[in-house]
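**Q** can't give you the sequence, but here's the structure:
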């Protein structure tokens, strides 16, 4: 009997070669949380996903509501899957129920705070403050990557 190898692992590694590793993900999260402290914002959850939308790192600060972790992951996946900030869909979804429903069906969100990583395949999502502050923190996280 001859063994046959299927190059799945090599294909997966190739697809993820531009994805953030744990060190980069934690550095992005730390940059975001430093911005939060400097701006005296409420406690946050920050998520980083790889090129497949899989969670690389997540931090939910003490005092942040538990749901903020799930929302941060949703925002990060939206940015990763679309290549656009999650806020790009905000005005359209407010005016168009069909777009809003489509986003929901695709498990995407129009809430600001999700930003694609500029040099890697993946995204950062932030939740816990105002939509504008969530987005500012996410932008700070990716600025250190760009």
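**A** Received, thanks. The model shown is predicted, which means the values in this text are computed figures rather than measured ones.
**Q** mind listing the helices for this structure?
**A** Under the criterion DSSP state H, the chain carries helices at the ranges 8-16, 22-38, 67-82, 90-95, 97-105, 131-143.
**Q** Okay, now the unreliable bits of this structure?
**A** 1-17, 145-146 (pLDDT under 70).
**Q** The residue nearest to residue 80 when sequence neighbours are not counted and residue 22: what is the separation?
**A** Spatially, and ignoring its direct neighbours in sequence, residue 80 is nearest to residue 123 (3.6 Å; CB to CB, 6 or more residues apart in numbering). The way it works is simple: take the backbone N, C-alpha and C, and place the C-beta from them, glycine included. Residue 123 is 16 Å from residue 22, where distance means CB to CB, to the nearest Å.
**Q** And those two? Which one has more around it.
**A** Per other CB atoms under 10 Å, whichever of residue 123 and residue 22 has more neighbours is residue 123, with 32 against 10.
**Q** now that one: how far from residue 94?
**A** For residue 123, the distance to residue 94 - CB to CB - is 22 Å.
**Q** do you know how far the nearest residue to residue 50 once chain neighbours are set aside is from residue 128?
**A** Among residues not flanking residue 50 along the chain, residue 19 sits closest, at 3.7 Å (CB to CB, 6+ apart). Using CB to CB, residue 19 is found at 25 Å from residue 128.
**Q** With that, I have no additional questions.
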